[in-house]
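Enquirer: build me a structure from this.
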Amino acid sequence: MKTKRGVARWIWMSAFLLLSWVNGNTQTVIKGVITDAVNKSPLQYVSVVFKGGRGTVTDSLGRYTLTSSGNISVIQITYVGYKTVTRNIIVGKEQEINESLEVDPKAINSVVVSTNKRAPYRNKGNPAVELIRRVIDNKPLNRPENYDYVQYEQYEKLQVSLSSVPEKLVNNKFLRKYQFLFENRDTVKLKGKALLPVYLEEKLSQNYYRKKPEKNKVIVTGEKRVNYGEYIDNDGVSSYLNRLIMDIDIYDNNIPLFTYQFLSPIADLAPTFYMFYIRDTITDESGHKLIKMYFTPRNTNDLLFRGNMYITLDGNYAVQKLDMFLSRNVNLNFVRELHVDLDFEKNPDGRYHLSKSNVMAEAAVTKGSSGGFFGERTVSYKNFIINKALPDSAYEGTPTVKIKESDKLPDSFWEKSRHDTLSAVESKVYSNIDSLEKMPSFRRTMAFATFLFAGYTSFGPFELGPAAAFYGFNPVEGFKLRLGGRTTPKLSKRIYFETYGAYGFKDEKWKYFLSTTYSLNNKSIYSFPLKYIRASYQHDTKIPGQELQFVQEDNFFLSFKRGLNDKWIYNDIFKLEYVHELPSRFSYTLGFRNWRHKPAGSIIYNKLDNGVLVNIPEINTSEFSVQLRWAPKEQFYQGKVYRIPIINKYPIFTLGFTAGVKGLMNSQYNYKNVNLRIEKRVFLSQLGYSDVVLEGGYTFGSAPYPLLSIHRANQTYAYQLNSYNLMNFQEFVSDHFASVAIDHHFNGLIFNRIPLLRKLKLRELLSLKMIYGGIRDENNPAKNPDLIKFPTLSGQPTTFGLNKQPYVEGSVGVGNIFKIFRVDLVRRFNYKDNPNISTWGVRARFKFDF
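Expert: As a prediction, the model looks like this:
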């Protein structure tokens, strides 16, 4: 009998312990959104706690997540100025509790007597500043790079929507075919606005980091995004959007957003530019004490944030949570709102890592516009493992590897692998855009837009354009009409043709161009990575020393020039080239060129022959060339003709070598030329950024001046970044040179502090261009009578070699005029005695930027 009672007691005790263990290990998860009961707007920093236990606060969208393994069955929601709410919950289950808080009349009717005078803010003796300095001092210890090894899974989601599309547009009879798009609108995410999604992309990757030797490895396991078809560079759009809203590392001194650098609130210099205030001490879900720190810019026009961060008091002084946004006065175009939410999780060693970041931005042409664009980028991290060594082979190869067909995975993969499910609206974006792209009316609209902005229009497998080059004029050719076009991949993915014909009504001569390109990788020759062979022949005019960016030489708007524009040549160029780009952004070009050019305008080729001045009808050269280019992590948008760079912090190196071969195809000269160019954008935090270009070249052997380095000049009224804006065409020639160009943007550093100017959001610019070079005696026609003489005008030379002093010009400018224009006052500092030059000039440039 005693044995039976003992067994029963043991069974009951075991059952009791088992139930206690289950209750102690089953988590209660509460999620929800807290809003204002009247206007339904989300409330940020609302305190949501287990009654008598731990808690959390809501983010900028009013969202919260509360987790506990205890037996507390009541949560309490409190917010200053609102009534406190308590709600019963079910222990051990995941549930959603949304609450609308009502204003507390007692809080509204309370009277606070205060003075309008505020004590001056000081860093010295300020406990908030002392705390933030400890956070800054501990940054190296709280970064993932502090560990020897780190690995984690990363999920990214980027979406763009149209906000508040007018109902008149939605109900327009011409848009009835597109009602399936307008019906898919999100009215929940952004208070008071309906969002119409137009872009969505997702990426899943496995990331590995090794400290010594340092190496980052990213394996992309899945990619998915909408596709707008052939009229848009989908890769370029993705690169541009991800450049606008990049990954945020709060421990970096600068945070890149919208092509600018924002100073982090925990940057080394943060106490100089921010003000800090300790607001509260709270307890997180794990029972750890946190300091709630509010920060705000000293100057609200600067590229700075304001918001709240939560700092651990465990000796690590790590950021546990951060919510921040931009001031409305910040000197940033088009962006009306920008919110950043960062959440961190605790590692086994007690430190914290970023678990989720969310960046939301709304932009419009004007801040008062009813509609605009809304963008959101969410990045989450899972399976964070520290100090687990992997074989060296895991880190070898290129930094980023894409699994084969990672962009063609089925929906089942994404349903299983996403860190969070798509909303009902988001889940329809892919199918909606796919249907849109197939609609003939949409394709016609895109074709018209392409002609309007890029200058090309399609006729089946042939594109006519560019439109801006159809008409032009100059002193040599007079009025010039031109018509041309090229084939597209619709004709062939292997073979491409391009041609144009032009006629000058003054010189009464035809010009023409024809090229044939064979793609070696069965991809379009206008998409990365390029790999092709091209043969071309061109008979046309050119200005010596003119280099253009993103426009054709026959562009109508470049027909207007200052000063004497009478130095021209007629070119006959036969060219063969092999171009190969690698995924690492290293590329090389092998080429051959036979170039025959005849003088035109005021240029005359003549030289002394036995003391007699004889005319040289043309120059004929044949040359082989090699160009090596390395642009690490380069990004760009591929247009119809040019690649538009998305500039980042990485340098670009270009090395070229050319060798002229005498006797080949009647070539007249032997010479060699080496040229090196380095360009980089240098970010200087709150001081702005500088675009720096270093270039040098050397010509070996003896050659006439048209084959030497004719320095890039500009006689248009547009400010050109890569040319000397007060130098005349073919004014300076060198066989050896070194140059530097610095174009600095202060981003409103000075104007932001001037009351009458800061509302205009103007930006200061300062530029300096300098070139030092010269001509050796063997290439100087004054010393070597066998060479072609420099051209003259009324007996005075108009082309010179640089002597012992460099050519220098500088400019001061004002940018962001009407948000799109830059105007510079340019000054030429020396060589003022040269004929027909300008020492001062005003130049303008169109630039779209945030």
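
Enquirer: C-alpha from now on. contacts and neighbour counts both.
Expert: OK.

Enquirer: give me the beta-bridge partners of residue 319?
Expert: Partner residues in beta bridges with residue 319, using DSSP bridges, are residue 311.

Enquirer: tell me which stretches of the protein form helices.
Expert: Ranges of helices within the chain are 2-25, 105-109, 127-137, 139-142, 167-170, 179-182, 234-244, 270-273, 411-417, 429-437, 440-454, 755-758, based on DSSP state H.

Enquirer: where among those is average confidence lowest?
Expert: Out of the helices of the chain, the stretch the model trusts least by mean pLDDT is helix 2-25, with a mean of 43.

Enquirer: between the helices of the chain, which one is closest to residue 377.
Expert: Ranking these by their distance to residue 377 (criterion: Cα to Cα) puts helix 234-244 first, at 8.5 Å.

Enquirer: that closest one: which residues count as buried?
Expert: Along helix 234-244, the positions that meet the burial threshold by neighbour count (16 or more other Cα atoms under 10 Å) are 234, 235, 236, 238, 239, 240, 241, 243, 244.

Enquirer: next: stretch 31-42.
Expert: When burial is assessed from 16+ other Cα under 10 Å, stretch 31-42 yields the following buried residues: 32, 33, 34, 35, 36, 41, 42.

Enquirer: and if you look at stretch 564-572?
Expert: Going by 16+ other Cα under 10 Å, stretch 564-572 has these buried residues: 565, 567, 568, 569, 570, 571, 572.

Enquirer: in strands only, show me those.
Expert: Residues from the buried residues of stretch 564-572 lying in strands, with DSSP state E as the criterion: 567, 568, 569, 570, 571, 572.

Enquirer: the fourth one contacts residue 603, doesn't it?
Expert: When you say that, I think you mean residue 570. No - the pair formed by residue 570 and residue 603 falls short of the contact definition of Cα atoms under 8 Å, at 10.9 Å.

Enquirer: mind listing the strands for the stretch 201-350 of the chain?
Expert: Secondary structure of the stretch 201-350 of the chain, counting by DSSP state E, counting those that start in this stretch: strands at 215-225, 254-257, 260-263, 274-283, 289-297, 305-312, 319-326, 335-346.

Enquirer: show me what the first one packs onto, helices and strands only.
Expert: Going back to what we said before, that points to strand 215-225. Under the contact criterion of 3 or more Cα pairs under 8 Å, 6 or more residues apart in numbering; DSSP states H and E, strand 215-225 touches strand 195-210, strand 400-402.

Enquirer: now the angle from it to helix 429-437?
Expert: With axes from the mean of the first three to the mean of the last three Cα atoms, to 10 degrees as the basis, strand 215-225 and helix 429-437 are set at 60 degrees to each other.

Enquirer: that older thread, deepest in the core, which of the helices and strands packed on strand 215-225 is it.
Expert: Stretch with highest mean neighbour count among those: strand 195-210 (a mean of 21; mean count of other Cα atoms under 10 Å).

Enquirer: what packs against that one?
Expert: In terms of contacts (3+ Cα pairs under 8 Å, 6+ apart), strand 195-210 is packed against strand 149-163, strand 215-225, helix 429-437.

Enquirer: buried deepest among those, which one?
Expert: Among the helices and strands packed on strand 195-210, highest average neighbours (mean count of other Cα under 10 Å) belong to strand 149-163, with a mean of 21.

Enquirer: packing partners for it?
Expert: Using 3+ Cα pairs under 8 Å, 6+ apart, strand 149-163 is in contact with strand 195-210, strand 372-386.

Enquirer: out of the ones you listed, nearest to residue 397?
Expert: Between residue 397 and the helices and strands packed on strand 149-163, the shortest separation by Cα to Cα is 12.9 Å, and it involves strand 195-210.

Enquirer: hang on, residue 777 packs against residue 784?
Expert: Yes - Residue 777 sits in contact with residue 784 when judged by Cα under 8 Å, with a separation of 6.8 Å.

Enquirer: more crowded one of the two?
Expert: When neighbours are counted by other Cα atoms under 10 Å, residue 777 and residue 784 differ, and residue 784 comes out ahead with 17 against 11.

Enquirer: that one is in contact with residue 778, isn't it?
Expert: Yes - in this structure residue 784 lies within contact range of residue 778 using Cα under 8 Å: 5.9 Å.

Enquirer: which residues does residue 830 contact?
Expert: Residue 830 sits next to 807, 808, 809 when contact means Cα atoms under 8 Å, 6 or more residues apart in numbering.

Enquirer: how much space separates it from residue 485?
Expert: Going from residue 830 to residue 485 by Cα to Cα, to the nearest Å gives 44 Å.

Enquirer: and what of residue 525?
Expert: Residue 525 sits 15 Å away from residue 485, going by Cα to Cα.

Enquirer: so which of these two has more stuff around it?
Expert: residue 525 (23 against 19).

Enquirer: identify the residues contacting the residue nearest the centre of the chain.
Expert: By Cα atoms, centre = their mean, the chain has its centre lying nearest to residue 243, at 3.7 Å. When contacts are counted by Cα under 8 Å, 6+ apart, residue 243 touches 257, 258, 259, 646.

Enquirer: where does pLDDT dip in the stretch 601-750 of the chain?
Expert: 640-641 (pLDDT under 70).

Enquirer: now do the strands in it.
Expert: Using DSSP E, counting those that start in this stretch, strands in the stretch 601-750 of the chain cover 606-609, 612-615, 619-630, 636-638, 643-645, 652-660, 671-683, 689-700, 709-710, 732-734, 736-745.

Enquirer: any chance of those in JSON lines, with mean neighbour count and distance to residue 198 too?
Expert: Supplementary listing: the strands of the stretch 601-750 of the chain in JSON lines, determined by neighbours: other Cα atoms under 10 Å; distance: least, Cα to Cα, whole Å:
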{"stretch": "strand 606-609", "mean neighbour count": "17", "distance to residue 198": "63"}
{"stretch": "strand 612-615", "mean neighbour count": "12", "distance to residue 198": "64"}
{"stretch": "strand 619-630", "mean neighbour count": "19", "distance to residue 198": "35"}
{"stretch": "strand 636-638", "mean neighbour count": "19", "distance to residue 198": "19"}
{"stretch": "strand 643-645", "mean neighbour count": "14", "distance to residue 198": "23"}
{"stretch": "strand 652-660", "mean neighbour count": "19", "distance to residue 198": "34"}
{"stretch": "strand 671-683", "mean neighbour count": "18", "distance to residue 198": "32"}
{"stretch": "strand 689-700", "mean neighbour count": "19", "distance to residue 198": "33"}
{"stretch": "strand 709-710", "mean neighbour count": "21", "distance to residue 198": "48"}
{"stretch": "strand 732-734", "mean neighbour count": "24", "distance to residue 198": "52"}
{"stretch": "strand 736-745", "mean neighbour count": "20", "distance to residue 198": "33"}
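
Enquirer: out of the ones you listed, which is closest to residue 159?
Expert: Counting by Cα to Cα, residue 159 lies closest to strand 636-638 out of the strands of the stretch 601-750 of the chain; the figure is 18.4 Å.

Enquirer: for the closest one, packing partners?
Expert: Packed against strand 636-638, as judged by 3+ Cα pairs under 8 Å, 6+ apart, are the following elements: helix 234-244, strand 643-645.

Enquirer: at 6 Å instead, please
Expert: In this structure, strand 636-638 packs against strand 643-645, with contacts taken as 3 or more Cα pairs under 6 Å, 6 or more residues apart in numbering; DSSP states H and E.

Enquirer: contacts for the strand it packs on next, please.
Expert: For strand 643-645, the external contacting residues (Cα atoms under 6 Å, 6 or more residues apart in numbering) are 636, 637.
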